[in-house]
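Student: this is a predicted model, with the sequence first.
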Amino acid sequence: MASIVWRKVWRDLAHNKARTALAVLSTAVGVFALGLVFGLSGMMRDQLTQVYQAAVPAHVTFWGGPFSPEIVDAIRREPGVIASDGEITASFRWKFEGEENWRNGAVVARDDYQAQRMNLLRLLEGNWPAGRQLGIDRLSSNQLDIHPGTTVLVEFGGRERRVAVAGVVHAHDVLSPEWGGQVTFYATPETAAWLTDREGGRDFDRLHVRLESYNQESAGETARRIKDRLERIELSVRGYQITDPDVHWMQDIVDAVVIVLGVMGVLALGLSAFLIINTMNAIIAQQVWQIGVMKAVGATVFRVLDVYLATALIYATLALLLAVPLGALGAHLTAVWLLDKFNVEVTAFQIQPVAIALQAGVGVAVPLLAALVPALGGARVTVRQAISTHGIGSGFGGGWFDRLIGQIRWLPRLMRLSLRNAFRRKARVGLTLIMLTLSGAMFAMVMSTGESFDNTVRIMFDLGGEVAITLERPQRISRLVEIAQAMPGVTQVEVWDDHGATLTLASGEEHPVGLNGVPSGSAMFNPRITSGRGLLASDRGVVLVNHRLAEDEGIQAGDQLTLTIDGEDSAWTVVGTYLSVDSLSDQFFVPLEALARETGTWGQGDKLMVHSVHDDIESQQRLIQALSDTLAAHHIGIQDTWSASKQWEESQSAFGVLIYLLLIMAVLVAVVGSIGLMSTMAINVVERTREIGVMRAIGATSLAIVGVFVIEGVFVGGLSWLLAVPLSIPGARLFSDVIGDAIVEMPLDFHYSASGMLLWLLIVVLLSALASLWPALRAAQVSVRESLAYE
Amino acid sequence: MVLTQEHHTANHTLIDLNDVVKTYQTEAGDLTVLKDVSLHVRDGEFVGVVGPSGSGKSTLLNMITGIDRPTGGQVFVTGQAVHTLSENELARWRGRNVGVIFQFFQLLPTLTIRENVMLPMDFCNIYKPRERKERAMHLLDQVGIADQAHKLPSALSGGQQQRAAIARALANDPPLLVGDEPTGNLDTATADQVFALFQELVDQGKTLVIVTHDLGLSERMGRVLHLLDGRICRDQHNGHNGSH
């Protein structure tokens, strides 16, 4: 391109710094969003995989036993096995000294922390647990401020013991307590036995196996062979799990989150493209007479096109300089924060080359493509059209729409002027409306998804009491009911029973499931039935299966399932499937009596379910404490406790991360939409400079002129809200279904956020007013003389 | 007489308009601004176009420069059938053959005066890149504002800006210069100075066609076309060609 023209391009950019800044910012927003999402995705994937593989995860885990050290050694010599290890696991309650309420905890005991073979723990602080000491996982340590030297009280079977924490360890397979994970302690087998009154010394209840090489099929065959061998020597194998060593156990959820963010990032980029089109239109509108002059002195369409594409290219380059480092920084900080929740510490700043390459490619291509249409339109303006813009322009009154608006006479006169002015350039206002409408629809989508998730989480509260206490051993139902009914505030009591079992899948894998025995005619059990029916009072050997496993395995109402309970097979008829929000385990519901027949626990149960008048965390915790104390006084040991309000809080915390990220995207989109409106209003002011002068000449004050433009902007914003409402309803449903499928593997229980849309109305009106204010104030500063001499 | 596309006359006619009609379609109905206008301008003439508002003066000029197209008739300028050219062909032809001077100067605001003069040279590539700066300075010197070469248009007076616009119009040494009210935005004294410049250019062999509402100035031109209601009602030859 000729050098003089390049000078024009650069000087035009420098001459109008505000517009250049707006254009660069609008491009940078979209490119930043891409960098954030793809950088985050790359880091999450890399780090999770790295940390997971570094932990040398077991390929197969069996639970049952007892697995003695000799058994563990023998399994190590199985063909295809290169390592085996045993673990003891137990649950107890614990608290800080001086604290009132007990907390749920778990202990994992290993033989030798110095010679680990798989599922490696790393010592981060202090010492490995030895003697009567505990280690604690890093996430729990950070959240609860437990460090080497801290002393905790452990309660099991009614006995309390003081134990010191010796060290903090990093484990790859713990879920943050913030998100509902259990506080996990580590100990020697002797310490675990001391804390939980456990007999059997060093016998393990978990057996981990690592194979020479891994693939799903051969791992399954080896697992079955080992299981058979263990059962032949009369060891109980309640189930086993095969784990892909290359895929982190939370990878699915992370991938889903990243996909969702990616979609939002692409939407933000799309809106940026609209904004660039708007900005280029603004430039062309201001420079149309210059285009005429250039063509008058010999410039062809392509030479003129060069000028404006070069402008777009410079905007793109400046935007990249801004967005690429910010995107990398944003991705790093977000990844550090998120990965910490998954117990992955990121120490070094990482650059994701793929994200940067994508930003560079898209960051240049999208602005150029977006600028092409307005630039081509401008370049094709004839010299006559370009230089003949004198007087006050018209552009209103010809079509049916203009006539329709012209009929609106009940507004004050200046507001009528604003309303009609808003539609003088229909293509331009159309583009702005698209941006703002999409912004509103996205805002509604995010808010509705949040409320739909709240609805969905409540489903789990229909699967039992508000407060649940799991006992160490089954107890007489009548005794438990008597104890619980005597507690103040308790309105309903039921006793359930839960037991582990395995289901043999079509692939031959023995899949662990939790069986929950529900008393006949339970008032607390109200599952959402997705197929078939629920449990009836008259039911016997029937089972209600969770929808997720049913879909995966093709289980339908009427099917017969064989469940292995305590080593014995039993047949169950599937009566239906229910909606489950638990994505970490498969829970089935059966009649309590039917379960008792298999487990030999007639008239007994190990789960006390209570409804009370209390619905807040503190009150429910106090009830749990009171119940626990009473049960302990009756020498009834407690394994763990649960309250609906606490579960609610933890679910909110976990899902809140996603909603928070989505809201950031929605805000970015709203900002882009507002910038678009500001740009449109700025063009309007420029084009109506002479008109402003005429208004001033006939008596309009600055306030009146500002008012005309601000109200015009507010009309556009308000109209976008009206358009967004019908668009957002199906959009929000679709979005919440997609999020639900991605995160909890089921469509969410949809709830449209009407309050969210009302909030958006306030936001868009405010943003529209603010976006119009700056151009309006500029309009008010134009003098009569300047505007009537305006060329 | 049928004129072919590549028409040359023995008497060096620079501009040939034959039965040119221009009709605009407006919301108020069809508006015919030029009605069967025929005009022949020879090399070196200094022609003024006068008439009341709406008589078709600017439209006539736009026909000559190719800025607008006739609804009927033919337009030949510098031997080129202008009415048959595409937009791009018109731009290229215009850059080399016609220098347009606007009433409001229309200098690009972010280019210096010298750069504004060099711009048409960059578009048309007649002069080598290393010659353009020197030529631009020569033209600015010719119009008397070489010392303003590095300033932006906003730093110049109206008269100086119009001189710069004239220098730009001369950038590619076109045979024809056209101006629509080029002194309309200037005070009398400055208008006189600019007019004197026009006379010098005519003396140098350029052909000038100027629309003006200033009858006093028009009397100093060699030939004056009086337009009324889209027709040339009078073609006045003043017996001189813009001499003082």
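Tutor: Noted; the coordinates are in hand.
Student: what's the mean pLDDT across stretch A:38-56?
Tutor: The pLDDT scores in stretch A:38-56 average 88.
Student: go on, stretch A:376-390?
Tutor: Averaging pLDDT residue by residue across stretch A:376-390 gives 78.
Student: kindly format the C-alpha coordinates of it as CSV.
Tutor: Extracted C-alpha coordinates of stretch A:376-390, given in CSV (Å, rounded to 0.1, in the frame of the first residue of the first chain):
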residue,chain,number,x,y,z
LEU,A,376,-16.7,-2.7,1.2
GLY,A,377,-19.9,-0.8,1.7
GLY,A,378,-17.9,2.4,2.3
ALA,A,379,-15.5,1.8,-0.6
ARG,A,380,-18.4,1.4,-3.0
VAL,A,381,-20.0,4.7,-2.0
THR,A,382,-19.9,6.9,-5.1
VAL,A,383,-18.2,10.2,-5.2
ARG,A,384,-21.5,12.0,-5.6
GLN,A,385,-23.1,10.2,-2.6
ALA,A,386,-20.0,10.8,-0.6
ILE,A,387,-19.7,14.6,-1.1
SER,A,388,-23.3,15.5,-1.3
THR,A,389,-24.1,15.2,2.4
HIS,A,390,-25.2,18.8,3.1
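Student: and that stretch, does that touch chain B?
Tutor: Yes - using CB under 8 Å from any CB of the partner chain, stretch A:376-390 reaches chain B at A:380, A:382-384, A:387. For glycine as for every other residue, the C-beta is placed from the backbone atoms N, C-alpha and C.
Student: out of those residues, which end up buried?
Tutor: Buried by 16 or more other CB atoms under 10 Å in any protein chain shown: A:382-384, A:387, out of these.
Student: what about the strands in chain B?
Tutor: Secondary structure of chain B by DSSP state E: the strands cover B:13-26, B:29-42, B:46-50, B:72-77, B:80-81, B:98-101, B:176-180, B:207-211, B:223-228, B:231-237.
Student: what angle do the fourth one and strand B:29-42 make?
Tutor: The reference is to strand B:72-77. 30 degrees (axes from the mean of the first three to the mean of the last three CA atoms, to 10 degrees).
Student: ranking helices and strands of chain B by mean pLDDT, which lands last?
Tutor: Within chain B, confidence by mean pLDDT, DSSP states H and E is lowest for helix B:215-218 among all helices and strands, at a mean of 83.
Student: residues in contact with that helix?
Tutor: B:48, B:50, B:183, B:191, B:195, B:212, B:224 (CB atoms under 8 Å, 6 or more residues apart in numbering or on different chains).
Student: hmm, back to that, for the buried ones among the residues of stretch A:376-390 next to chain B, give me JSON lines that also has secondary structure and distance to A:Ala644.
Tutor: Formatted as JSON lines, those follow (DSSP: H, G, I helix; E, B strand; the rest coil; distance: CB to CB, whole Å):
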{"residue": "A:Thr382", "secondary structure": "coil", "distance to A:Ala644": "72"}
{"residue": "A:Val383", "secondary structure": "helix", "distance to A:Ala644": "75"}
{"residue": "A:Arg384", "secondary structure": "helix", "distance to A:Ala644": "75"}
{"residue": "A:Ile387", "secondary structure": "helix", "distance to A:Ala644": "74"}
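Student: quick check: A:Asp85 is in a strand.
Tutor: Yes - in this structure, A:Asp85 lies within a strand as judged by DSSP: H, G, I helix; E, B strand; the rest coil.
Student: so what's the residue lying closest to it once chain neighbours are set aside up against?
Tutor: Leaving aside its sequence neighbours, A:Asp85 sits nearest to A:His208 (CB to CB, 6 or more residues apart in numbering or on different chains; 4.7 Å). Neighbouring residues of A:His208 by CB under 8 Å, 6+ apart: A:58, A:60-61, A:84-87, A:118-119.
Student: ditto for A:Thr150
Tutor: Contacts of A:Thr150 by CB under 8 Å, 6+ apart are A:96, A:164-165.
Student: may I have the phi/psi pair for the residue nearest to A:Asp85?
Tutor: Here is the backbone geometry of A:His208 (degrees, to the nearest 10): phi -100, psi 140.
Student: which residues touch stretch A:301-312?
Tutor: For stretch A:301-312, the surrounding residues in contact (CB under 8 Å, 6+ apart) are A:1-2, A:5-6, A:8-9, A:12-13, A:276, A:280, A:283-284, A:291, A:294-295, A:367-368, A:370-372, A:374-376, A:378-380, B:87-88, B:91, B:123.
Student: now stretch A:309-317: mean pLDDT?
Tutor: 92.
Student: let's have the buried ones among the residues of stretch A:376-390 next to chain B in a markdown table, adding distance to A:Leu723.
Tutor: Converted to a markdown table, those look like this (distance: CB to CB, whole Å):
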| residue | distance to A:Leu723 |
| --- | --- |
| A:Thr382 | 35 |
| A:Val383 | 38 |
| A:Arg384 | 37 |
| A:Ile387 | 37 |
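Student: wait, doesn't A:Asp498 sit right on A:Gly514?
Tutor: Yes - A:Asp498 is within contact range of A:Gly514, at 6.0 Å (criterion: CB atoms under 8 Å).
Student: which of the contacts of A:His208 are buried?
Tutor: A:58, A:60-61, A:84-87, A:118-119.
Student: ok, A:Leu463 - contacts?
Tutor: When contacts are counted by CB under 8 Å, 6+ apart, A:Leu463 touches A:525-527, A:589.
Student: right, I mislabeled it, should have said A:Val293
Tutor: With CB under 8 Å, 6+ apart, A:Val293 has these contacts: A:386-387, B:102, B:106, B:108.
Student: over to B:Gln80?
Tutor: Taking CB under 8 Å, 6+ apart, we find B:Gln80 in contact with B:93, B:97.
Student: ranges for the helices of the stretch 501-650 of chain A?
Tutor: Chain-ordered helices for the stretch 501-650 of chain A, with DSSP state H, counting those that start in this stretch as the definition, fall at A:547-553, A:592-599, A:617-633, A:644-687.
Student: avg pLDDT for the second one?
Tutor: Meaning helix A:592-599. If you average the pLDDT over helix A:592-599, you get 92.
Student: neighbouring contacts of that helix?
Tutor: With contact meaning CB under 8 Å, 6+ apart, helix A:592-599 is reached by A:496-497, A:499, A:515, A:517-520, A:539-542, A:565-566, A:568, A:570, A:572, A:601-605.
Student: which of the strands of chain B sits most buried?
Tutor: strand B:98-101 (a mean of 27; mean count of other CB atoms under 10 Å in any protein chain shown).
Student: nearest spatial neighbour of the residue most central in space within chain A, chain-adjacent residues omitted?
Tutor: Nearest to the geometric centre of chain A sits A:Leu658, at 2.5 Å (CA atoms, centre = their mean). Once flanking residues are discounted, A:Leu658 sits nearest to A:Val257: 5.7 Å by CB to CB, 6+ apart.
Student: give me every residue that touches that neighbour.
Tutor: Listed by CB under 8 Å, 6+ apart, the contact set of A:Val257 reads A:657-658, A:661, A:742-743.
Student: which stretches of chain B have low pLDDT?
Tutor: In the predicted model of chain B, residues B:1-11, B:240-244 satisfy pLDDT under 70.
Student: again with the stretch 201-350 of chain A
Tutor: A:201.
Student: where does the residue of it found nearest chain B sit: helix, strand or coil?
Tutor: Of all residues in the stretch 201-350 of chain A, A:Gly298 sits closest to chain B, at 2.0 Å by CB to the nearest CB. Secondary structure assignment for A:Gly298 (three-state DSSP): coil.
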